[in-house]
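Chemist: Quick check, what structure comes out for this input:
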Amino acid sequence: MDEQIKIDVIKEYKKDLKIYEAFCKKVKTKLVNILSDRSIQYLMTSSRVKKIDSIIQKLQSIKIEKNMQFLINLKLLVKY
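Modeler: Residues are numbered from 1 along each chain as shown. The predicted structure follows:
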């Protein structure tokens, strides 16, 4: 993978990390509310965003086109 692209992707991920964290928190809260509203019992829920090291590994393991599509899809999902 081109090093500059990798650096750019990581920079962008770091820049948007707070957005991803907020999204995770919102999805978890929504899930808990849905389960509670429907009286569905569950043991626990958790949420997390990928760590930078994990993102780097993922970027190195798959083709660049898929990486870019992954990030585009993630950004589109977070907007909604």
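Chemist: I'd like the distance between Lys50 and Phe23.
Modeler: Look at Lys50 and Phe23: by CB to CB, to the nearest Å, they are 12 Å apart. Every residue, glycine included, has its C-beta placed from N, CA and C.
Chemist: One more: Thr45?
Modeler: With the distance defined as CB to CB, Thr45 ends up 15 Å from Phe23.
Chemist: Residue ranges in this structure under the pLDDT threshold?
Modeler: Within the chain, the segments meeting pLDDT under 70 span 1-2, 62-68, 75-80.
Chemist: now do 90
Modeler: Within the chain, the segments meeting pLDDT under 90 span 1-13, 50, 52-80.
Chemist: Alpha carbons of stretch 35-42, in CSV - could you do that?
Modeler: C-alpha atoms of stretch 35-42 as CSV (Å, rounded to 0.1, in the frame of the first residue of the first chain):
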residue,chain,number,x,y,z
LEU,A,35,-34.3,-4.3,24.2
SER,A,36,-35.8,-2.7,27.3
ASP,A,37,-38.9,-1.4,25.5
ARG,A,38,-39.6,-5.0,24.3
SER,A,39,-38.8,-6.5,27.7
ILE,A,40,-36.0,-8.6,26.1
GLN,A,41,-33.5,-9.7,28.7
TYR,A,42,-29.8,-9.5,28.0
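Chemist: gap between that stretch and the chain center?
Modeler: Relative to its parent chain, stretch 35-42 has a centroid offset of 25 Å by CA atoms, centre = their mean, to the nearest Å.
Chemist: what do you get for stretch 22-30?
Modeler: With CA atoms, centre = their mean, you get 11 Å for stretch 22-30.
Chemist: for stretch 46-55, same thing?
Modeler: Centroid displacement of stretch 46-55 relative to its chain, using CA atoms, centre = their mean, is 7 Å.
Chemist: for Thr45, phi and psi?
Modeler: Main-chain torsions, Thr45, degrees, to the nearest 10: phi -130, psi 160.
Chemist: Surely it touches Ile34?
Modeler: No - applying CB atoms under 8 Å as the test, Thr45 and Ile34 come out as separate, 10.8 Å apart.
Chemist: before we move on, back to that, name the residue in Thr45 and Phe23 with the higher neighbour count.
Modeler: Phe23 (18 against 11; other CB atoms under 10 Å).
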